[in-house]
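Peer 1: Sharing a sequence plus its predicted fold:
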Amino acid sequence: MPSVAMNPFFEELALTYQDVLFLLVDVDELKVVASKMEIKAMPTFLLMREGTVVDKLVGANREEMRKRIDSFVYSTSSNKTS
């Protein structure tokens, strides 16, 4: 399962980016959340700022995930200094 295979990488990202809150949601247990967030495939990663989805990545692409989080962190820190 790609979702389960991503767990160690997800944990590594959480340790690397300690200013970002990482959450793992079991969509089988929380179907309402999956529906509300329009999760159609696993794994799906959402980047959110203040409750709003700002980016969405579907699939187990580690390189793309790191790139998007880097961009997210950079944009967040840029907003704080503006």
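Peer 2: Structure's in. What do you need?
Peer 1: going on from the lowest-mean-pLDDT helix or strand in the chain, what's the next piece of helix or strand?
Peer 2: Among the helices and strands of the chain, helix 2-5 carries the lowest confidence by mean pLDDT, DSSP states H and E, at a mean of 78. Of the helices and strands lying after helix 2-5 in sequence (DSSP states H and E), the nearest is helix 7-16.
Peer 1: Sort out which residues of that following helix are buried, please.
Peer 2: Buried residues in helix 7-16, counted by 16 or more other CB atoms under 10 Å: F10, L13. C-betas here are computed from N, CA, C, even on glycine.
Peer 1: Next: stretch 66-82.
Peer 2: By neighbour count on 16+ other CB under 10 Å, the buried set for stretch 66-82 is R68, I69, F72.
Peer 1: Show the contacting residues for the closest residue to the last one other than its chain neighbours.
Peer 2: Beyond its immediate neighbours in the sequence, the residue positioned closest to F72 (CB to CB, 6 or more residues apart in numbering) is L47, lying 4.8 Å away. L47 makes contact with V53, V54, D55, K56, L57, R68, I69, F72 under the criterion CB atoms under 8 Å, 6 or more residues apart in numbering.
Peer 1: Check F9 too.
Peer 2: Neighbouring residues of F9 by CB under 8 Å, 6+ apart: R62, M65.
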